[in-house]
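**Student:** Got a sequence here, can you build the structure:
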Amino acid sequence: MQRENEMKKTITIPKAPKPLGPYSQAVVKNDTLYVSGQIPLDPFTSEKRFDDISTATEQVMRNIEALVQHAGFEMTDIVKCSIFLKSLDDFTAVNRIYETYFQEDPPARETIEVKKLPLDAPLEISCIAQR
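**Tutor:** Just a heads-up that it's a prediction; the model follows:
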């Protein structure tokens, strides 16, 4: 479902987890897509996919990809990602999964270790895409 507000479109889809608070899954404005931070939740069951960092990262990236594609963008349109990790010890494992989604010309990015994330998730990733 999309709700239009002037040139702003709110993106809400069943293939990404429902927001845990008062925010949108994603917003498009002026040919730019802002994807809210995604944690490793199965979008259909809301089950946590925290088994290991690779499984968690794969779920997050699938959620992001579903939002990006539904909004009419491609993963290659992503210009910026922010990764929040509970442990920078997971940096290499996250990169192994992440790089499969950005094989050429990866987006700009920062990776930050944080104390805690929603639902005690091991990681959260947000992104910005532009046409």
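**Student:** excluding its backbone neighbours, what's nearest residue 57?
**Tutor:** residue 97 (4.1 Å; CB to CB, 6 or more residues apart in numbering). (C-beta placed from N, C-alpha, C; glycine too.)
**Student:** and the strand or helix carrying residue 67, what's its mean pLDDT?
**Tutor:** According to DSSP states H and E, residue 67 maps onto helix 53-70. Averaged across helix 53-70, the pLDDT comes to 97.
**Student:** Run through the neighbouring helices and strands of that helix.
**Tutor:** When contacts are defined as 3 or more CB pairs under 8 Å, 6 or more residues apart in numbering; DSSP states H and E, helix 53-70 sits against strand 32-38, helix 91-101, strand 123-130.
**Student:** Check which residues of that helix are buried.
**Tutor:** 53, 56-68, 70 (16 or more other CB atoms under 10 Å).
**Student:** Kindly report the same for stretch 10-21.
**Tutor:** 10, 11, 13, 16, 17.
**Student:** what about dumping the CA coordinates of it to CSV?
**Tutor:** Extracted in CSV, the C-alpha atoms of stretch 10-21 (Å, rounded to 0.1, in the frame of the first residue of the first chain):
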residue,chain,number,x,y,z
THR,A,10,5.1,6.1,2.0
ILE,A,11,6.0,2.5,1.2
THR,A,12,4.4,-0.3,3.2
ILE,A,13,4.6,-3.8,1.9
PRO,A,14,4.0,-7.3,3.4
LYS,A,15,7.5,-8.6,2.2
ALA,A,16,9.2,-6.5,4.9
PRO,A,17,8.6,-6.5,8.6
LYS,A,18,6.0,-4.2,10.0
PRO,A,19,7.5,-1.1,11.8
LEU,A,20,8.0,-1.5,15.5
GLY,A,21,7.1,2.1,16.2
